[in-house]
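1. following is a predicted model, sequence given first.
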Amino acid sequence: MELIRSVLRLAIVSFLVLWFVCDTAVGQGWEWQNPLPQGNDLNAVAFADLNHIWAVGSGGVMLSSEDGGASWMIHAPVTSSHLNDMVLIGNYGWIAGASGTILRTTDNGLHWLTQTSGIENNLNGIAAIDHNQAWAVGEQGVVLHTTDGGADWSAQSSGTNHWLNGVCFIDALQGWAVGDSGKIQRTTDGGAVWTAQVSGTAVTLFCVTFVNNDTGWASGRNGTVLNTTDGGLSWTPQASGAAYAIEALVFLDANRGWFGCNSYIRYTTNGGATWQEQTFLISTYPTDIVFADAEHACFVGWTGAIYTTADAGGTWTEHRTYNSLGNFYDVAHADEQNV
C-alpha cells in the first residue's frame, strides 16, 4: 500500500510540474539552441545559383543561405505542413508538401505565396522546366500540372492509385514519376497520358532522374538503384552496395552520380556500374542531394543536417553544430520567461 501511495504521489507531482511548465511556456517564444541552425528533419534542398540555396522540411521549416551554404538563416514559416520537395529556376520556384500544399516564389524566396492546388492529398515531389510549367505528384497517384506559374493547377490522370514520390521532366513533353510498389509512370505528351513501365521491382521508389531522353535512374528501399538507357522501356538493377532506402539521388551526366543512404554518400563515375563510398561517415540520413554545377553540391537530411562540397564530393563540410542529439527526459525553467 505504501508503494502505491508513493507512485501516486510521484505521478501527481510530475503532472503538476508538467502542467506548470506547459502553462508558463504557452505563448512564449522558442528558438533552437542545439542543434544549430535547427533540428527539424530537412526533406529537400535546391540551388538558385552558387550562392543562394534553400532547404525545407518537417513542420514547414524553411532555411536559406546566401553564401553557398557557409551560413544559414531560418525563415518564419508560411505553413505548418511538412514540406517534402522543392525546385528552383533562378529567382522562381515551387515547394510541395502535405495536405496539397504548394508554395511559390518569384523573387528568390523573398516572398513565398500559397497557391491553390485544389486537393488535400500529400504532395511528395515537384519538377519544373521553366518559370511557368511544373508538375507535382503525390498521394493516391495524384499528378498536378500548371502552365501559368501556378495560378492554375489542373489534375492529370497518372494511370495509378499508388503513391507517387518523385517526378522528373527533361522538357515540356517527356517525364517520369516513381512511387510505391515499384511504380514507374511515363509521359511523352506533357502528362496528357501517363503509361506504366515495368520496373522489375515491388519496392517503394523515391527518386527518379534523367540526363537525356534515354538515360535515367530510379532509387528506393533496400538499396535499390535502377538504370535505363532506352527511356524506361527496360530497367536494369544496379549493385549499389547499400541495404537501406535511397532517398537522395543525383546524376550530372551519363557517368557521374551520387546517392545518400544511411550514414554515407556513394558515387559512381561509370553510370552506376560500380559505386564507391566517400571517405567519411556522415551524422544523418540523407534525404536530398543537388548539384549547382560540376563541383558544388549540397545535401540535407534528418535532424537538420546540411552538408556542402566545392570539389564534386571529394570533401564535404557539415553546417550543423550540436552537442548531442539524444532524447529529452526533463525540462526546467528559471522564471516565467526562460525555460
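-> Thanks, I have it. Residues are numbered from 1 along each chain as shown.

2. which residues of the chain fall in helices?
-> Taking DSSP state H, the helices of the chain run over residues 2-25.

3. low-confidence bits of it, can you list those?
-> 1-34, 36, 279-281, 321-339 (pLDDT under 70).

4. repeat the analysis, applying 90 as the threshold.
-> 1-39, 262-264, 278-284, 320-339 (pLDDT under 90).

5. ok, residue 46 to residue 119 distance?
-> 23 Å (C-beta to C-beta, to the nearest Å). From N, CA and C alone the C-beta is placed, and that goes for glycine too.

6. which of these two has more neighbours?
-> When neighbours are counted by other C-beta atoms under 10 Å, residue 46 comes out ahead of the other of residue 46 and residue 119, with 22 against 19.

7. beta partners of the closest residue to the more buried one other than its chain neighbours?
-> Distances taken as C-beta to C-beta, 6 or more residues apart in numbering put residue 88 closest to residue 46, at 4.1 Å, once the chain neighbours are dropped. Assessed by DSSP bridges, residue 88 has beta-bridge partners residue 93.

8. ok, residue 88 touching residue 54?
-> Yes. Using C-beta atoms under 8 Å, residue 88 makes contact with residue 54 at a distance of 6.5 Å.

9. mutual contacts of these two, please.
-> 46, 48 (C-beta atoms under 8 Å, 6 or more residues apart in numbering).

10. got the CA coordinates for stretch 96-105 in CSV?
-> Output of stretch 96-105 as CSV, limited to C-alpha atoms (Å, rounded to 0.1, in the frame of the first residue of the first chain):
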residue,chain,number,x,y,z
ALA,A,96,5.3,20.9,-52.5
GLY,A,97,4.1,19.5,-49.2
ALA,A,98,1.5,17.8,-47.1
SER,A,99,-2.3,18.3,-47.5
GLY,A,100,-1.9,19.7,-51.0
THR,A,101,0.5,22.5,-50.0
ILE,A,102,2.1,24.4,-52.9
LEU,A,103,4.2,27.5,-52.3
ARG,A,104,5.6,29.8,-55.0
THR,A,105,8.3,32.4,-55.1
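
11. which residues does residue 303 contact?
-> Here residue 303 is in contact with 35, 39-41, 284, 320, 325 (C-beta under 8 Å, 6+ apart).

12. please read the previous query as pertaining to residue 65.
-> 51-53, 71-73.

13. list of residues touching stretch 242-251?
-> Residues contacting stretch 242-251 (C-beta under 8 Å, 6+ apart): 204, 206-207, 209, 211, 217-225, 240, 257-262, 266, 275, 285-291, 297, 299, 301.

14. all set, thanks.
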